[in-house]
Structures are given as structure tokens and as C-alpha cells.
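Enquirer: Quick one, what's the 3D model for this:
(chains A and B)
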Amino acid sequence: MKILVAIKRVQDYNIKVRPKSDGSDVDIEGIKMGINPFDENALEEALRLKEKNIASEVVVISLGGPKNQDVLRHGLAMGADRAILIETLESLQPLGVAKLLKAAVEREKPDLILLGKLALDSDAGQTGQMLAGLLGYPQGTFVSKVDIAKNKISVTREIDGGTNILEMNLPAVLTADLRLNEPRFVKLPNLMMARKKTIETIKATDFSVDSSPRLKLLKVSLPPARKEGIKVNSISDLLKKLNDKEGIKL
Amino acid sequence: MLAEHNEIELNDSIYKTITAAQSWKGEIDLLVMGKNTEKVAKTASNIKCLNNIIRVDASHLEHLLAEDAANIVSNIGKKYHVILAAHTWFSRNFLPRVAAIMDVGMISDVLKIENKNTYTRSTYAGNVYATIESLDLIQILTIHISNFQATETEGGNAEIIINEAPPPLNLSYWKTEKINKSDRPALVDAKVVVSGGRSLGSEENFNSILSPLVDKIGAALGATRAAVDSGYAPNEIQVGQTGVVVAPELYIAIGISGANQHIYGMKDSRIVVAINNDPDAIIFQFADYGLVADLFEVVPELTKLISNQ
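Expert: Numbering: from 1, shown residues only, chains lettered A, B, ... in the order given. Down below sits the predicted model:
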């Protein structure tokens, strides 16, 4: 079984991104970037399936500029067999990404496609479902457990207040939740070795796909400031203020 | 509009979604998919401002698999200018699939509808608001329900129209479902959430300090990613962008510094109380009431004072 894992390069989860001074876009110049956490879960799961001899090959793929090579190298250092960069400097949106990934799927013919459930930058949570829809494949979203036997896959999904289990045929598209697994730490020697591996680069324009943006960014701004709070002196002061001012009686 | 229901009741989010739908000043139809939808369709027909209730009912739609739901919505949706739903597990699962099939760029979790094709939504863990214009003829979006007021529930007289369900696609199969039964309320529905951070120092402290308070006031227990990563709390109670997003009446943050991705998960709470011994902790910027104190002293005191009332 061959697995394709799509990974996105995003800001570190601890970093507070701010708008540029002219409000035209966010200012991500010089900030710490890395693999989107949910995509890292997706990759970890693919690698575990390979270690259990269920998968034979794990391919990581990322879309964007040459800087995306760093997340692909991270993927190779984690244990992926191959890495593909679909290179474009254009800004991409989920639908465009899904169309380019579909083209890559038609070329690579994986049995399973894994992605994170959402990306920390755009916070849209669309790409996996869109890809499944374009391919006409079954989908499993917000997945916290994967079991594969023969050509059938059983996935546990996080839903409102609990979980459900779906069974589906392969090929299928799954999106990973954080609870799926705990991604491995990358060891330095592996990172050094990954530097020597080649990353296959395909120009996005080589695929005859219209990935142009459907959503035009008009401006970015800071969220409205929350009304300033007050400091209380003690627990009894707190309980009194909650009761008198907010009508909350604990 | 897409309706989420459990065959007995409509999900409450519908009343806020209707308010959002009125932004376009057009006719609003509600699509009710599933099995045994007669009762909820009837309830829906009484909601003010709805024109038609479209029922698509079949036994194979009982668990409404994403592939079947997307198949139905992408067909019916061709006749509409706008397809919208509340941003919940329900719509998040299949609406992007609908958008791709219809070749439309979807807008997720809209905070504000600026005009008929322009929206403001939050990005980068809530640190930045983006205002975007959709270039598509059909608008497909989900709305952030806590930003919209609920509409009146009674006084409508919508017509119920029955559409035949397409046959099952048989791409995936529902097997079982497990809804967590806890004595404590679920994080997402709780009126009060008490969350702990890394300052609790250990798993033992996390439980011995927070559990008595949580149980006394009937709250749900949450944790920061830092507390989860340190092994103090299980991941399923993580509040934040990489965990659960909550919006309770009262959020009590205990020993929490206020990391960005945690703020994202609780900033919609009506009232935020923060207890931290560091007066410069970022969490205080998001708190309505802040208490600079040693949590190991004041949290047991809080629990005790409540029990005495």
C-alpha cells in the first residue's frame, strides 16, 4: 500500500502573527515556521502503518515556494521515503490546493491520502474534504484512530461529544486530529541524512489545473480589543463581583 | 440553509444561522436530510422567516455520511445563491466536499457578513481578522454562531417539500458511535469551564486542586496544551486551536499564562476569570476579572467558599 501525505508549512503554534502596517496581509517575515501540527500527525500515522508492514511507501508532498523544502526535509527525517514539492509562488487557497493534489494523486496513485484536519494559518479545515470530493473517494475527517485490514479501512472519528467509527474501501482520504498519535521527535542524524535526499520538484503550472484564488483578500486587521478587565483582591471579592455585576452565582 | 438535527430536535445553532441568512434579504429554504425527519421538519416549518422546508428522507441517510450528504447538497444547491450552515462538526465534515464538487471557494467560520459576497473571519489562531471577497457566483459558507443573535423560533408557516433521496453512494459505511458519558458536562456545551495550565506543576496537583472545584460548581474541566504536553491532563480536554474551542458563560483560567493558541480556544467566553501569580501573564489581558495570587492557596479557598454558600 502506498500512502501520500500532504503537509503545509505554517507559523509555529506559539507565535502571534500580526498584520502588516498597511493591512494588506499578515507579516510573516522572519518568523519561525514549520510543519502544520495536524499534518505531522498525518505523517506519523503513515509511518506507523509502514512500520507495521501495512504500507510499503510513504510519500510527502507540499505546495508552495522553495522554502517548503524545509518541511519536506523534516518529513524525510521523520521517515518518509520520498518528497515532492509542487512549486508555485502564487497564493493558494484550499480549492486550488485540492485541485493540485488531485493532479498529484492521479500521477502517484496512492491507496491512502492523509492530511491534517486544518492548518494553523488559514484555519479553514477544507482541503481534505475537497480533495475527497474532487476524486470521488470516501472520506474520514477528524480521525483519531486508523485500522486497516485487507483492502478495508476502519477509522474512528472525533464528533460532537464522542466518536464514531466508519468503514470504507480504499483508496480514501483521511484528515488527522491531534489525538491520532504523538509524532516522533526527529533525531539530528536523520535530519542530516534528509538533507542529502533529493526532493522532486514539479512546477504547479505543469499540471493543467486552474488553481487561481476564488477569494480575494481585501484587508487584514487586528481583532477588536476586549474590554479591559479589572483586578480583584481576593476570592470573596471575586465571588461578590461575579454575583453583583454579572449575575453569576457560584 | 442546512439543518442539523437528531430526529427529535433541531440543533439550536439553526436560530442563529437564520439571522445570518437574512443578510441577503432573499428567500430562505431549509434543507433537512436524514431518516425520520418528519418531526423536525414540522418544527422547522414554524420558524419565522423560512420559506420552504426541503425534506430529503431515506433510511440510508440515518447517519448522514459525508459522501451522500455532499451528493444531495451539491445537486439541490445549484438552484441557490447562498448555501450556509453553522460552523459545527456536522457542516465541517461535508460542506467543503460540496464546495469542491460545485467548484466554489468556501468561506469557513464567518464572524461577520459585510455584504453579499464579503466576509470577515479569523485567521492565524484568532490573532488576525481577514476581510475577504468571494469571486464565485454561489456563496458557500459556515458561520461562527456565537457572533450571531438567535432569531425568533415561532410564528412561521413554511411549506414542507419532499425531495426524493438519491441512492446511497456506498463509499463509506457507518459502524458504531460512542458518545462520552461523564458526570461532568461536555466541554463544548458546559456553562462553566475551569481550565488549568502548566503552573499546576503535576498531574496529581492538577486533579487534587481542580477536581473539587469543578465538581462543586458542575463545570467542565479543561487544560492548556502546555499542561497536556507536560502529562498533567489528557489531550481530549485540551482547550485551544489544537484542541477544543469553547464559549461558556464563565471561563475560569487557573495557572494559565495565556499562550496564543489557548486564547483562541476560549476568547468567546462571556466572562473570563484568571487566577495567576504572575501579574504580567498575558491571560489577564483577556480576563474580565483577574486575581494575582498563588493558585495553591486561593483555589482551595474558592472551593471552600462556594461550598459554604
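Enquirer: Now the residue of chain A found nearest chain B: closest residue in space, sequence neighbours ignored.
Expert: Chain A approaches chain B most closely through A:R214 (2.8 Å), counting by C-beta to the nearest C-beta. In short, each C-beta sits where N, CA and C put it, glycine included. Distances taken as C-beta to C-beta, 6 or more residues apart in numbering or on different chains put B:G105 closest to A:R214, at 2.8 Å, once the chain neighbours are dropped.
Enquirer: Report how many residues lie close to the residue in chain B positioned nearest to chain A.
Expert: Using C-beta to the nearest C-beta, the single residue of chain B nearest to chain A is B:G105, 2.8 Å away. For B:G105, the count of nearby residues is 25 (other C-beta atoms under 10 Å in any protein chain shown).
Enquirer: Please apply the same query to A:I15.
Expert: Counted with other C-beta under 10 Å, the neighbours of A:I15 add up to 19.
Enquirer: what sits against it?
Expert: By C-beta atoms under 8 Å, 6 or more residues apart in numbering or on different chains, A:I15 lies in contact with A:31-32, B:260.
Enquirer: Show me where chain B has its helices.
Expert: Ranges of helices within chain B are B:13-21, B:38-45, B:66-76, B:89-101, B:203-217, B:225-229, B:260-266, B:295-308, based on DSSP state H.
Enquirer: isn't A:K20 right next to A:L217, touching?
Expert: No: counting by C-beta atoms under 8 Å, A:K20 does not reach A:L217; the two are 11.5 Å apart.
Enquirer: So between these two, which is more surrounded?
Expert: Between A:K20 and A:L217, A:L217 has the larger neighbour count (other C-beta under 10 Å), namely 16 against 12.
Enquirer: did I read that right, the more buried one in a strand?
Expert: Yes: judged by DSSP: H, G, I helix; E, B strand; the rest coil, A:L217 forms part of a strand.
Enquirer: For the nearest residue to it once chain neighbours are set aside, give me its contacts.
Expert: Leaving aside its chain neighbours, A:L217 sits nearest to B:I132 (5.6 Å; criterion: C-beta to C-beta, 6+ apart). Taking C-beta under 8 Å, 6+ apart as the criterion, B:I132 is in contact with A:215-218, B:107, B:118-121.
Enquirer: thinking again about what came up before, per-residue pLDDT of the residue of chain A closest to chain B, please?
Expert: A:R214 is assigned 95 on the pLDDT scale.
Enquirer: cool, B:Q309 as well?
Expert: 55.
Enquirer: Now residue 160: closest residue in space that isn't a chain neighbour?
Expert: In the absence of a named chain, chain A is used. Residue nearest to A:D160 in three dimensions, not counting chain neighbours: B:W89, with 4.6 Å by C-beta to C-beta, 6+ apart.
Enquirer: My question was about chain B, not that one.
Expert: B:I53 (4.6 Å).
Enquirer: Report the contact partners of residue 175.
Expert: You didn't pick a chain, so chain A it is. A:T175 neighbours (C-beta under 8 Å, 6+ apart): A:38, A:42, A:114-117, A:125, A:128-129, A:139-143.
Enquirer: wrong one, chain B
Expert: Listed by C-beta under 8 Å, 6+ apart, the contact partners of B:K175 are A:154, A:164-167.
Enquirer: separation between the residue nearest to A:L217 and A:L63?
Expert: Between B:I132 and A:L63 the distance is 20 Å, computed by C-beta to C-beta, to the nearest Å.
Enquirer: Bridge partners for A:L4, pull those for me.
Expert: A:L4 has these beta-bridge partners by DSSP bridges: A:V59, A:I113.
Enquirer: how about it, what does it touch?
Expert: Shown in contact with A:L4 (C-beta under 8 Å, 6+ apart): A:59-61, A:104-105, A:108, A:110, A:112-114.
Enquirer: hey, where'd the helices end up in chain A?
Expert: For chain A, the helices defined by DSSP H cover A:37-51, A:69-78, A:94-108, A:127-135, A:188-196, A:235-246.
Enquirer: Go through the ones you listed and pick out the most buried.
Expert: helix A:127-135 (a mean of 27; mean count of other C-beta atoms under 10 Å in any protein chain shown).
Enquirer: Give me the distance between A:Y13 and B:A125.
Expert: From A:Y13 to B:A125 the distance is 7 Å (C-beta to C-beta).
Enquirer: If you count surrounding residues, which of the two has more?
Expert: B:A125 (25 against 19).
Enquirer: Tell me who's in contact with that one.
Expert: Residues near B:A125 by C-beta under 8 Å, 6+ apart: A:13, A:16-17, A:120, A:123, B:241, B:260-261, B:263-264.
Enquirer: For A:I230, give the beta-bridge partners.
Expert: According to DSSP bridges, the partner residues bridging A:I230 are B:Y289.
Enquirer: Give me the neighbour count for it.
Expert: A:I230: 10 surrounding residues under other C-beta under 10 Å.
Enquirer: any idea of the angle the strand ranked longest in chain A forms with helix B:89-101?
Expert: Of all segments of type strand in chain A, defined using DSSP state E, the longest is strand A:139-149. Relative orientation of strand A:139-149 and helix B:89-101, computed by axes from the mean of the first three to the mean of the last three C-alpha atoms, to 10 degrees: 100 degrees.
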